[in-house]
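J.: Can you look at this prediction? I've put the sequence above it.
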Amino acid sequence: MINLTTARAVDIVGRPSEQVEEVRSIGRTPGFDPIWFGVLSMMMVAMGLVFPPVGLIAFIVSATAGVDLMKVYKGTSILMLSIVATTALLMIFPQIALWLPATMR
């Protein structure tokens, strides 16, 4: 219920920062590595900022450059494929996201 009421009043960019505590409990579930969960969450945020229906970055690029929105979406289609493929690889092989932090310990 809190999500429904605050989603109407809060900016779309500020909303994910408010849900950190709610989502953090999911990331701490047994079987999930918090680093992997954080990397995967940021990949999902990147997808949401670039692609429809929200596509905030696409709207900013379209308005700033004076280019049609469909042309921006066509230009970002390769980006969409790479983010989706990277996210799928991170889901299948979580060691990809955990390799660098493991070398720092």
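T.: Happy to help now that I have it.
J.: residues near the nearest residue to residue 76 once chain neighbours are set aside, how many?
T.: Using CB to CB, 6 or more residues apart in numbering and skipping the chain neighbours, the partner closest in space to residue 76 is residue 50 (5.8 Å). Bear in mind the C-beta positions are built from the backbone N, C-alpha and C, glycine included. When neighbours are counted by other CB atoms under 10 Å, residue 50 registers 19.
J.: Can you give me the pLDDT of residue 50?
T.: If you check residue 50, the pLDDT there is 84.
J.: distance of it from residue 36?
T.: Taking CB to CB, to the nearest Å as the measure, residue 50 falls 22 Å from residue 36.
J.: for residue 86, same thing?
T.: Distance from residue 86 to residue 36, by CB to CB: 13 Å.
J.: do the same with residue 65
T.: The value you get for residue 65 to residue 36, if CB to CB is used, is 36 Å.
J.: These two: who's more crowded?
T.: residue 36 (18 against 10).
J.: now for whichever strand or helix holds that one, which elements pack on it?
T.: Per DSSP states H and E: residue 36 is located in helix 34-50. Judged by 3 or more CB pairs under 8 Å, 6 or more residues apart in numbering; DSSP states H and E, the packing partners of helix 34-50 are helix 20-27, helix 56-65, helix 77-92, helix 95-103.
J.: got the contact list for the longest one?
T.: Right, the one you point to is helix 77-92. Contacts with helix 77-92, where a contact means CB atoms under 8 Å, 6 or more residues apart in numbering, come from 36, 39, 40, 43, 44, 46, 47, 50, 51, 96, 97.
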